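> Quick one: sequence plus predicted model below, questions after.
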Amino acid sequence: MSLNTYGHLFRVTTWGESHGPAIGATVDGCPPGVALIESDLQGWLDKRKPGQNKYTTQRREADAVEILSGTFEGKTTGTPIQLMIRNTDQRSKDYGDIAEKFRPGHADITYWQKYGIRDYRGGGRSSARETATRVAAGGVARAALDRLAPGVKITGYLVAMGEHEIDRNRFDWDQIEQNPFWAPDAQAAENWAIYLDGLRKSGSSVGAIIEVTIRGCPAGLGAPVYGKLDTDLAAAMMSINAVKGVEIGEGMAAARLTGEANADEISMGENGPEYSSNHAGGILGGISTGQDIIVRFAVKPTSSILTPRKTITKSGEATEIITKGRHDPCVGIRAVPVAEAMAATVILDHLLLDRAQTGGTRGAIG
């Protein structure tokens, strides 16, 4: 089993390497009749593509997506949708020095230990370049959601860079797309710009925390035990490069609360149940409550840095390594549109699962 596919009914298989001729995704399970042309996907890819500012890698890829199959006259046919993005700005010579060495903190050594072969050019399959294909697939999911659940809105944003966090009292949805960090706090964005510029010039890197809020998700998505919505959301985020931790709602902080503080009290409103708070992050027992779904995850600092680090060669000899080339000083920035895309695929997948299992039936309250 190659394990390059995720999803239940809405399934995505990604393929390609960082310095190969192209990368892509095969999307299977998209309902027929969804309006879909390449420009519907391109806007999402443009949010992620490299080289747009000094705070991300200077590799300049157009990330122009091509739809090779699965549509006719601008609508999906229900058959597999093949998406391709050509690589146009590879610079493999930057990686010649690491062909025989393992970068500390990188997948180089584990790929070698598992497969006995690795594409050292940009990390090959382990490169974040692969995530462009997920964003394209996420665009397909969003197009389907626009038709099947038009009230769903998925928004990702940075809430921390290193030890520097946003001020929740200054949270402004309108600020998120007004700065290069997808920050909902204008002051934090200004501070991060100064902080990251210094790290970038020194050749170092830093980690980040990203939050994704899914608004307008209907109650009832997900299933008990092994089909939990939060299980699939956590797995989706954990599969993104450099992610080292995921939490839903209050997450780890819930361990410090009492039962009284953590329980989201329920009352009856005009349009159904209402909750006094959202410590659960919009999911109870693996099933969505109808509240905002809140997912948060941490990404580690980029392992490709200019500071000399001790390592070994493939033959086991001690050496040092300096990673040259074009790298993100904070991978969390471009992880935001990737996380949004992964959330979109999971929500659509569970929407389709729910319709298949229940036909949209819901228990009446009141």
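Perfect, I can see it now.
> so how far is residue 22 from residue 115?
Distance, residue 115 to residue 22, by Cβ to Cβ, to the nearest Å: 22 Å. For every residue, glycine as well, the C-beta is placed using N, CA and C.
> who's more crowded, these two?
Using other Cβ atoms under 10 Å as the criterion, residue 115 and residue 22 rank with residue 22 on top: 14 against 9.
> pretty sure that one is touching residue 83, no?
No - the criterion here is Cβ atoms under 8 Å, and residue 22 misses it with residue 83 at 10.2 Å.
> Distance across stretch 322-341, terminal residue to terminal residue?
33 Å (Cα to Cα, to the nearest Å).
> And for stretch 254-267?
22 Å.
> Buried ones in it, by neighbour count?
262, 264 (16 or more other Cβ atoms under 10 Å).
> So what touches that stretch?
250, 273, 274, 275, 276, 277, 278, 279, 280, 291 (Cβ atoms under 8 Å, 6 or more residues apart in numbering).
> same deal with stretch 219-235?
Here stretch 219-235 has contacts from 6, 246, 248, 281, 283, 285-290, 293, 295, 343, 346-347, 349-351, 353-354, 357-358, 362, using Cβ under 8 Å, 6+ apart.
> Report the buried residues of that stretch.
So, applying 16+ other Cβ under 10 Å, buried residues of stretch 219-235: 219, 220, 221, 222, 223, 228, 229, 230, 231, 232, 233, 234.
> Confirm for me that residue 312 is in contact with residue 319.
Yes - between residue 312 and residue 319 there is a contact under Cβ under 8 Å: 6.6 Å.
> Kindly point out which residues are neighbours of both of those two.
Going by Cβ under 8 Å, 6+ apart, residues that sit against residue 312 and also against residue 319 are residue 101.
> Of the two, which one has the most company?
residue 312 (15 against 12).
> can you pull the contacts of that one?
Residue 312 touches 101, 102, 318, 319, counting by Cβ under 8 Å, 6+ apart.
> Am I right that the first one is in contact with residue 319?
Yes - in this structure residue 101 lies within contact range of residue 319 using Cβ under 8 Å: 6.1 Å.
> Next, show the common contact partners of the two.
Joint contacts of residue 101 and residue 319 (Cβ under 8 Å, 6+ apart) are 311, 312, 313.
> In CSV, list those along with pLDDT, distance to residue 327 and secondary structure.
Shown next, in CSV, are the shared contacts of residue 101 and residue 319 (pLDDT from 0 to 100; distance: Cβ to Cβ, whole Å; DSSP: H, G, I helix; E, B strand; the rest coil):
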residue, pLDDT, distance to residue 327, secondary structure
311, 94, 17, strand
312, 95, 22, strand
313, 94, 22, strand
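> quick one: which of the residues you listed is nearest to residue 201?
Residue 201 lies nearest to residue 311 out of the shared contacts of residue 101 and residue 319, by Cβ to Cβ, at 24.2 Å.
> show me what contacts that closest one?
Contacts of residue 311 by Cβ under 8 Å, 6+ apart are 101, 102, 103, 104, 318, 319, 320, 321.
> Just the buried subset of those, please.
101, 102, 103, 321.
> and residue 67, which of the three is it?
strand (DSSP: H, G, I helix; E, B strand; the rest coil).
> and it, bridged to which residues?
On the basis of DSSP bridges, residue 67 is bridged to residue 83.
> What residues does it make contact with?
Neighbours of residue 67 in contact, by Cβ under 8 Å, 6+ apart: 36, 37, 38, 41, 81, 82, 83.
> Now for those: which two are most distant?
37 and 82 (14.5 Å).
> Could you check which of those two is surrounded by more residues?
When residue 37 and residue 82 are compared on other Cβ under 10 Å, the one with more neighbours turns out to be residue 82, at 18 against 13.
> shouldn't that one be in contact with residue 26?
Yes - Residue 82 is within contact range of residue 26, at 5.6 Å (criterion: Cβ under 8 Å).
> quick one: contacts of the helix-or-strand element of the chain with minimal mean pLDDT?
Ranked by mean pLDDT, DSSP states H and E, the weakest helix or strand in the chain is helix 108-115, scoring a mean of 91. Residues from elsewhere that reach helix 108-115, judged by Cβ under 8 Å, 6+ apart: 98, 101, 102, 118, 120, 123, 124, 125, 126, 314.
> and which of the residues you listed is nearest residue 15?
residue 125 (8.9 Å).
> Then that closest one would be within a helix, right?
Yes - with three-state DSSP as the criterion, residue 125 is located in a helix.
> what's the neighbour count on it?
Neighbour count for residue 125, taken as other Cβ under 10 Å: 20.
> Could you do residue 357 as well?
12.
> Name the nearest residue to it, sequence neighbours excluded.
The shortest distance from residue 357 to any non-neighbouring residue, by Cβ to Cβ, 6 or more residues apart in numbering, is to residue 223 (7.3 Å).
> distance of that neighbour from residue 135?
27 Å.
> Ok, residue 249 next?
25 Å.
> Residue 292 now?
When residue 292 is compared with residue 135 (using Cβ to Cβ), they lie 22 Å apart.
> just residue 360 next, same as before
In this view, residue 360 and residue 135 are 29 Å apart by Cβ to Cβ.
> Quick check: which ranges of the stretch 201-350 of the chain have low pLDDT?
325-326 (pLDDT under 70).
> Please, where are all the strands along it?
208-215, 243-248, 266-269, 272-275, 283-284, 287-288, 293-299, 309-312, 318-321 (DSSP state E, counting those that start in this stretch).
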